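Asks: Have a look; sequence and predicted model below, questions after that.
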Amino acid sequence: MSVVNINKELFKQQVEEEKKIVLAEFWAPWCVYCRRIGPAYKKIAEEYSDKLVIGQVNIDEEPELAQENNIEVVPSLILYKDGQAVGSIVAPESKGKIEEFIKEHVEI
């Protein structure tokens with residue numbers, strides 16, 4: 001499964017209503033580092049899609065979501081469980097760092 005583009009409605013459905021475990025990357029198309037970490041994030045989506053919803057929030061298209069989640073730097077990854085943010089990481093260096101972050105906050 002690939003990375004899901006998350007908008008405000010999908011965010012509300014997946015995180016708040018269905019309370020799925022969601023890993024959301026807040027990113028922007030102009031962010032060079034976002035593009036550089038993109039392939040690693042896609043690999044995470046392929047490997048963990050049976051356990052988590054792996055999504056991206058374009059902060060240019062969804063500024064309200066970015067503001068509500070206090071995003072100041074992109075890329076920022078936030079992990080949601082049971083409708084609540086349980087952890088965040090800013091500009092992870094590698095796929096390994098993203099996996100470490102996930103395992104730190106949820107049992108998979």
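Replies: Cool, got the structure. Numbering: from 1, shown residues only.

Asks: okay, CA-based contacts and neighbour counts for the rest of this
Replies: Fine.

Asks: Give me the neighbour count for residue 22.
Replies: Using other C-alpha atoms under 10 Å, the number of residues around residue 22 comes to 23.

Asks: meant to ask about residue 81
Replies: Residue 81 has 18 neighbouring residues, counting by other C-alpha under 10 Å.

Asks: Spatially nearest residue to the spatially most central residue of the chain, not counting backbone neighbours?
Replies: Relative to the mean C-alpha position of the chain, the nearest C-alpha, by C-alpha atoms, centre = their mean, is the one of residue 24, at 1.5 Å. On the basis of C-alpha to C-alpha, 6 or more residues apart in numbering, the spatially nearest residue to residue 24 that is not a chain neighbour turns out to be residue 55, at 4.8 Å.

Asks: Which helix or which strand is home to the one you found?
Replies: Residue 55 is part of strand 53-58 when elements are defined by DSSP states H and E.

Asks: Give me the sheet partners of that strand and which way each runs.
Replies: Under the criterion DSSP bridges, strand 53-58 sits next to strand 4-5 (parallel), strand 22-27 (parallel) in its sheet.

Asks: circling back to that earlier point, the residue nearest to the centre of the chain contacts residue 79, doesn't it?
Replies: Yes. If you go by C-alpha atoms under 8 Å, residue 24 and residue 79 touch, sitting 6.4 Å apart.

Asks: Over to residue 12. Which of the three states is it?
Replies: Under the three-state scheme (DSSP: H, G, I helix; E, B strand; the rest coil), the conformation of residue 12 reads as helix.

Asks: burial count for it?
Replies: A count of nearby residues for residue 12, using other C-alpha under 10 Å, gives 14.

Asks: again with residue 101
Replies: For residue 101, the neighbour count with other C-alpha under 10 Å is 18.

Asks: Which helix or strand contains it?
Replies: Residue 101 belongs to helix 95-105 when elements are defined using DSSP H and E.

Asks: Tell me the helices and strands packed up against that helix.
Replies: Counting contacts by 3 or more C-alpha pairs under 8 Å, 6 or more residues apart in numbering; DSSP states H and E, helix 95-105 is packed against helix 32-48, strand 84-90.

Asks: how about TSV for the ones you listed, with mean neighbour count added?
Replies: Formatted as TSV, these follow (neighbours: other C-alpha atoms under 10 Å):
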stretch	mean neighbour count
helix 32-48	17
strand 84-90	15
